[in-house]
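Asker: give me a 3D structure for the following:
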Amino acid sequence: MRIEYKYDERITYEPITSKSGQVIIKSIVSMKIIFLIVNFAIYVTCVQSFCDCGLEGIRSRIYNGKVTQTHKFPWIAHIRFTRPKSTSYSQCGGTLVDNQHIVTAAHCLFDSNGNLNQPANVQVYLGILDKNRDYKTALGVEEYIYDVRYASSSPMDYDIAILRLKEPVEFSETVYPICIPSSDDQIYRRLTVAGWGNVDSSGTGSAVLREVDVDFIQKSTCNEMKYNYVIKKNNLPSYFRFNVQPVHENHICALNTLTGGDACSGDSGGPLMFKDPQNGRWYLIGVVSGAWDLCGVDLGVPGLYTSISPYRSTIVQSANGVCVRPY
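Answerer: Residues are numbered from 1 along each chain as shown. Predicted coordinates:
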């Protein structure tokens, strides 16, 4: 017997405001395997200590979070997935990794019926803080790149995608890429997540970009939290824990253990970030994926984030201008 449950995918639907683009859809045959043989060559040429990335801009889903300083995170994208003849759009976050590529969650590409949204119906906004007031020209998407193992029937597994913009963007104080870590040898304790998602369990959305600090949770601890949650939620005897599916190998677990702060509906696809205290740069560590309950309902339920570690070579291969830096 395998115990299943419904994930909180952390997508929200909003009134529609504008339209854009048209495109090609691509999926990588096996993002994790196809590039293994070129990993060494890629890192020899692409790990650069002199490339520029991850610096905060102009200073001035987040549950239990705070409003972000103006353009503190100039790599964060607001992504809208519109539907023909619909009066609403679904929203996700994303992260600019070079001048033409956005990393987001694969489940954002699919509608509630499991159908792939066409790239022509995707709008990307960069350099905004208030999604309702900071109007920018919508950027069109040329193609999607995502793991062929991803399936909308199991939306949290292999939940990562890359959007290729139709045209490259110019960097500025408000539009700037994040860094990609060159290794996994950093011991994370405190991470940060940001987005325009709901600010409470009642579904109240945020017009302005918010951020919250979260604590990195070891996989063994996260599995224990999941086992206990499922057993308690379903009022099952403790021995049923062995039938509970563990957290996916590609997931990172994180939660603000003091406040219960975490990503929420509408934050999907946004970045889980680490700021290096030595060089002051921000690094993309994971992508908001979901959780096994709605945010704010149980403050002991951590958020699930797709780790970029297994996809580092794919990101480098797809986004030629990405800045891969050591800590």
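
Asker: and Lys232, backbone torsions?
Answerer: Per-residue torsions, Lys232: phi -70, psi -40 (degrees, to the nearest 10).

Asker: what does the model give it for pLDDT?
Answerer: pLDDT, Lys232: 88.

Asker: quick one: contacts for it?
Answerer: Counting by C-beta atoms under 8 Å, 6 or more residues apart in numbering, Lys232 makes contact with nothing. Any C-beta I mention is one placed from the backbone N, CA and C, and that applies to glycine too.

Asker: hmm, try it at 10 Å
Answerer: By C-beta atoms under 10 Å, 6 or more residues apart in numbering, Lys232 lies in contact with 298, 300.

Asker: swap in Asn113?
Answerer: Taking C-beta under 10 Å, 6+ apart, we find Asn113 in contact with Ser152.

Asker: element containing it?
Answerer: Assigned by DSSP states H and E, Asn113 belongs to neither a helix nor a strand.

Asker: wait, Thr314 sits on Asp147?
Answerer: Yes. Assessed by C-beta atoms under 10 Å, Thr314 is found in contact with Asp147 at 8.3 Å.

Asker: Glu170 falls within a helix, correct?
Answerer: No. Glu170 is assigned coil when assessed by DSSP: H, G, I helix; E, B strand; the rest coil, not a helix.

Asker: point out where the chain drops to low pLDDT.
Answerer: Residue ranges of the chain with pLDDT under 70: 1-50, 58-69, 185, 201-203.

Asker: give me the distance from whatever helix or strand Cys222 lives in to the chain's centre.
Answerer: Under the criterion of DSSP H and E, Cys222 resides in helix 219-233. Put simply, helix 219-233 sits 23 Å off its chain's centre (C-alpha atoms, centre = their mean, to the nearest Å).

Asker: so after that helix, what's the next helix or strand?
Answerer: Downstream of helix 219-233, the next assigned helix or strand under DSSP H and E is strand 251-255.

Asker: and the angle for that following strand with helix 219-233?
Answerer: If you take axes from the mean of the first three to the mean of the last three C-alpha atoms, to 10 degrees, strand 251-255 sits at 70 degrees to helix 219-233.

Asker: centre of the chain to the helix or strand following strand 251-255, how far?
Answerer: Once strand 251-255 ends, the next helix or strand along the chain (criterion: DSSP H and E) is strand 271-275. Between the centre of strand 271-275 and the centre of its chain there are 10 Å (C-alpha atoms, centre = their mean).

Asker: would you mark the buried spots in strand 271-275?
Answerer: For strand 271-275, the neighbour count (16 or more other C-beta atoms under 10 Å) marks 271-274 as buried.
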